[in-house]
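Asker: quick check, what structure comes out for this input:
(one chain, ligands or ions: 1)
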Amino acid sequence: AQIAIFASGSGSNFQALHEAIKEGRLDATIAVVITDQPNAYVVQRAEKANIKVVALSPKTFDTKEAYEEKIAEVLKALGVEWLILAGYMRLIGPTLLQAYPKRIINIHPSLLPSFPGKDAIGQAFQHGVKVTGVTVHYVDEGMDTGPIIAQQAVNIIEGDKEATELAIHRVEHELYTAALNRIFNM
Ligand code: GRF
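Answerer: Predicted structure coming up:
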């Protein structure tokens with residue numbers, strides 16, 4: 001599968017998928033990393049891995065539609081089949097949804113439908129739940145609302161947000177690889 005990774009931040013999920021591909025645990029090629037944050041750490045990670053980066057700042061486009069049309073153009077030119085969101089902090093709009101129907105996948109650090117949106121791990125601590133987790137799902141027009149593909153529970157480590165975050169990210173990296181493998185081989 002030819003894939004594009006969409007990321008706005010650290011890119012640990014990008015890194016995990018890249019390593020899974022390199023080690024033959026995931027049958028895919030990362031054609032490009034798309035970011036809306038030219039200074040995000042994911043850019044350095046991708047450059048180090050010799051993977052093409054396209055950084056587009058939405059502010060430099062007149063409309064969201066124009067921004068996404070530009071992205072779609074880049075993706076089509078590279079033969080991208082799947083859009084893999086990994087910490088991409090923007091809602092996908094109708095332009096990309098229509099260009100890639102049922103081909104956009106996201107990972108979210110909670111057991112959806114609990115705690116959608118920003119800072120899902122912080123939300124879980126705020127709420128005092130004892131178990132949270134990770135969800136891989138198809139993207140629709142909503143915020144973290146599309147059909148669920150895979151979920152895994154992670155226990156909250158009471159009073160230790162950092163350790164809990166680490167545990168969640170570790171589960172993310174494994175669950176994303178496993179879920180994508182299943183999807184790409186369907
Ligand atoms: C992950 O927790 C992912 O689930 C969420 O954003 C975070 C991205 O982390 N959507 P990273 O940039 O992959 O390290």
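
Asker: and stretch 92-101 with the ligand, contact?
Answerer: No. For stretch 92-101 and the ligand, the contact criterion (CB under 6 Å from any ligand atom) is not met; the two come no nearer than 12.6 Å. Just so you know, the C-beta spots here come from the backbone N, C-alpha and C atoms, and that holds for glycine as well.

Asker: any idea which residue sits dead centre in the chain?
Answerer: A86 (1.9 Å; CA atoms, centre = their mean).

Asker: name all residues that make contact with it.
Answerer: 5-7, 11, 13-14, 17, 107, 176 (CB atoms under 8 Å, 6 or more residues apart in numbering).

Asker: assign I105 to helix, strand or coil.
Answerer: At I105 the chain is in strand, as set by DSSP: H, G, I helix; E, B strand; the rest coil.

Asker: what's the pLDDT at the residue of the chain positioned farthest from its centre?
Answerer: Computed with CA atoms, centre = their mean, the residue of the chain farthest from its C-alpha average is G159, at 27.3 Å. At G159, the model reports a pLDDT of 95.

Asker: again with N185
Answerer: Reported pLDDT for N185: 88.

Asker: what's the neighbour count on it?
Answerer: 8 (other CB atoms under 10 Å).

Asker: what about it, distance to the ligand?
Answerer: Remark: distance between N185 and the ligand (CB to the nearest ligand atom, to the nearest Å) = 23 Å.
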